[in-house]
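Undergrad: Sequence and computational prediction follow.
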Amino acid sequence: EMTSVTGVQTCALPISGAKVEGGEGASLATNSETICQRCHGLRYQNRLPVEALRVGTQAQHEELQPEHFRELLRGLARRRCLVIAVVDLFDFDGSFTPDLAAIVGPSNPLIVVANKVDLLPRRAHPEDVRRWVRRACARHGVTRIASTHLVSCKSGVGLDKLLGEMQQTMRERRMDCYVVGAANAGKSSFLNRCLNHFAAKKGTGSVKRPGSANKNLPGRLTTSHLPGTTLDFVRVSLPSMRQGIFDTPGLIIPSQLTTLLTTSELSDTVPKKQTDVVTLSLKTGKSVLLGGLARLHMREGLPFSFTFYIANAVPIHPTTSDKAAATLAKHVGGLLAPPASAERLAELGAFVEQRFTVRGRGWDEVATDIVLPGLGWISVVGSGECTISVEVPQGVVVSSREPMLSGAEHYRTTGVKFTGTKLTTKRGGTKRRR
């Protein structure tokens, strides 16, 4: 069933009359708008009333199963439509829509929207990043792209040009637009920006208010850092346009670390502002713990520099390889969180080690990016050759890729030292306060 609304969120999940033990009831009416308990929790509390309402293979409802979402999207290739694919720049490989070329089909136009550009370091050159995005799409089998845009759905950067092109294509070719992307890539936030943009041009619809007063306005799609917020096709009718824009369910990527985390742990791992980038020099026998979620080990070779692009709430804790396990056991849930406790660490299951051989390109160029899907990436700089390994929960697929930010000048300005309790700069300042 397709849900048709005018900018109003709905999940089409048959739980509107359900009662959850300890909850507030199944529905909430605000300004004549009724939403289910799941949407109420996501919109107003940024959490689910119970984990059973979370999208995933263990979900009780068929409508919350990932395969249900994939089946919905497979039909787009048979429709005449514009497809906008939203991808998270900070988690590009972990948020790229699987089988995107097949979803779009052989003749539909495709616009790639790289969201969260505001999270990249200020030194990032937009044209270089845009070219990198197109090459990265090609590696995923997507080469027929009408245009590529770098945007921030949070701040609005880059959206005016994108929305102008989208509107022109829809009108000239008389086609609807479908917005696709992995869970948490920013699709619903993009559509809310569309609503505000076109409503402002017509003088109708939502009125932007200062501060956070605009956050929960009626007539907005529910947004959350939790995967699987949108559960069906949701039609958004825009003023003065016959064609409609459709939000689609976000696809769950099994190799993402975030699929294993609780709602509270997700809040820490998904970056909300520009990250405090740090660089550490590691020699053989050294390790770095990324909270309790991942472990980087320098196994052999010459010293290399490692620059971490990880959410500020995830601790970066250097140690030695022989003490890594003991350090994690002692501090998990405290100094090293997420996960929230030793019990939660055990629930993540066995950690598996994935090895990489890195051939340096000298100290002026990044050799490679090590990608931790759902968490971020690590840029590696050095001369000669080294072997590193990364330990992550089983099922999470770590990979290496062409560097997004190839210039290595940043490692000189983001270098830090570990004093035993905190990361400090050469001038004594503390980095990455949680």
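TA: Perfect, I can see it now. Numbering: from 1, shown residues only.

Undergrad: Any idea how many residues pack against the closest residue to residue 250 other than its chain neighbours?
TA: Leaving out its chain neighbours, the residue that sits closest to residue 250 by CB to CB, 6 or more residues apart in numbering is residue 183, at 3.4 Å. From N, CA and C alone the C-beta is placed, and that goes for glycine too. As a burial measure, residue 183 scores 25 neighbours (other CB atoms under 10 Å).

Undergrad: Going along the chain, name the helices of the stretch 101-250 of the chain.
TA: Taking DSSP state H, counting those that start in this stretch as the test, the helices found in the stretch 101-250 of the chain are 126-139, 159-173, 187-202.

Undergrad: Quick one: mean pLDDT over the shortest one.
TA: The one in question is helix 126-139. The pLDDT scores in helix 126-139 average 96.

Undergrad: going forward can the numbers begin at 48, since that is how I track them
TA: In the new numbering, first residue 48, that becomes helix 173-186.

Undergrad: Show me which parts of that helix are buried, residue by residue.
TA: Buried positions in helix 173-186, judged by neighbour count with 16 or more other CB atoms under 10 Å: 176, 177, 179, 180, 183, 184.

Undergrad: packing partners for it?
TA: Packing partners of helix 173-186 (3 or more CB pairs under 8 Å, 6 or more residues apart in numbering; DSSP states H and E): helix 139-142, strand 157-162, strand 194-197.

Undergrad: Return the helix or strand in this structure with minimum mean pLDDT.
TA: Here the helix or strand of the chain ranked lowest by mean pLDDT, DSSP states H and E is strand 74-77, holding a mean of 34.

Undergrad: among the helices of the stretch 148-297 of the chain, which is nearest residue 321?
TA: Smallest distance to residue 321 across the helices of the stretch 148-297 of the chain (CB to CB): 14.5 Å, for helix 173-186.

Undergrad: Compute the inter-axis angle for the closest one and strand 157-162.
TA: Comparing the axes of helix 173-186 and strand 157-162 via axes from the mean of the first three to the mean of the last three CA atoms, to 10 degrees yields an angle of 120 degrees.

Undergrad: Off-centre distance for stretch 158-166?
TA: Taking CA atoms, centre = their mean, to the nearest Å, one finds the center of stretch 158-166 at 10 Å from the center of the full chain.

Undergrad: Could I have the CA atoms of that stretch written out in CSV?
TA: Taking C-alpha atoms only, stretch 158-166 is exported to CSV below (Å, rounded to 0.1, in the frame of the first residue of the first chain):
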residue,chain,number,x,y,z
ILE,A,158,20.9,12.4,-9.4
VAL,A,159,23.4,11.5,-6.7
VAL,A,160,23.2,13.6,-3.6
ALA,A,161,26.2,13.3,-1.2
ASN,A,162,24.8,14.5,2.2
LYS,A,163,26.5,15.7,5.3
VAL,A,164,29.3,17.7,3.5
ASP,A,165,29.3,19.9,6.6
LEU,A,166,30.9,17.1,8.5
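
Undergrad: pLDDT of it, averaged?
TA: 96.

Undergrad: Going by distance to residue 446, which of the buried residues of helix 173-186 wins?
TA: residue 183 (11.7 Å).

Undergrad: can you tell me how far the closest one sits from residue 415?
TA: 14 Å (CB to CB, to the nearest Å).

Undergrad: anything in contact with each of these two?
TA: 448, 449 (CB atoms under 8 Å, 6 or more residues apart in numbering).

Undergrad: List the residues that contact residue 213.
TA: Neighbouring residues of residue 213 by CB under 8 Å, 6+ apart: 129, 131, 158, 224, 241.

Undergrad: before we move on, the earlier item: let me know the closest of the buried residues of helix 173-186 to residue 322.
TA: Out of the buried residues of helix 173-186, the member with the shortest distance to residue 322 (by CB to CB) is residue 176, at 15.4 Å.

Undergrad: The closest one contacts residue 197, correct?
TA: Yes: judged on CB atoms under 8 Å, residue 176 makes contact with residue 197 at a distance of 6.1 Å.

Undergrad: Low-confidence regions, the chain specifically.
TA: 48-116, 248-279, 455-462, 464-468, 472-481 (pLDDT under 70).

Undergrad: about what we covered before: could I get the helices of the stretch 148-297 of the chain in a markdown table, plus columns for distance to residue 333?
TA: Shown next, in a markdown table, are those (distance: least, CB to CB, whole Å):
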| stretch | distance to residue 333 |
| --- | --- |
| helix 173-186 | 29 |
| helix 206-220 | 43 |
| helix 234-249 | 39 |
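
Undergrad: Nearest to residue 123, out of those?
TA: That would be helix 234-249 among the helices of the stretch 148-297 of the chain, by CB to CB, at 13.8 Å.

Undergrad: what packs against that closest one?
TA: Packed next to helix 234-249, using 3+ CB pairs under 8 Å, 6+ apart, are strand 128-135, strand 157-162, helix 206-220, strand 223-228, strand 281-284, strand 291-294.

Undergrad: Quote the end-to-end distance of stretch 339-356.
TA: One end of stretch 339-356 sits 16 Å from the other (CA to CA, to the nearest Å).

Undergrad: Mind listing what's buried along that stretch?
TA: Within stretch 339-356, judged by 16+ other CB under 10 Å, the buried ones are 339-346, 348, 351-356.

Undergrad: For the residues you listed, work out which two are farthest apart.
TA: Once CB to CB is applied, the buried residues of stretch 339-356 give 339 and 348 as the farthest pair, at 26.5 Å.

Undergrad: List phi and psi for the nearest residue to residue 407 once chain neighbours are set aside.
TA: Nearest non-adjacent residue to residue 407, counting by CB to CB, 6+ apart: residue 429, 4.0 Å away. According to degrees, to the nearest 10, the main-chain angles of residue 429 amount to phi 170, psi -180.
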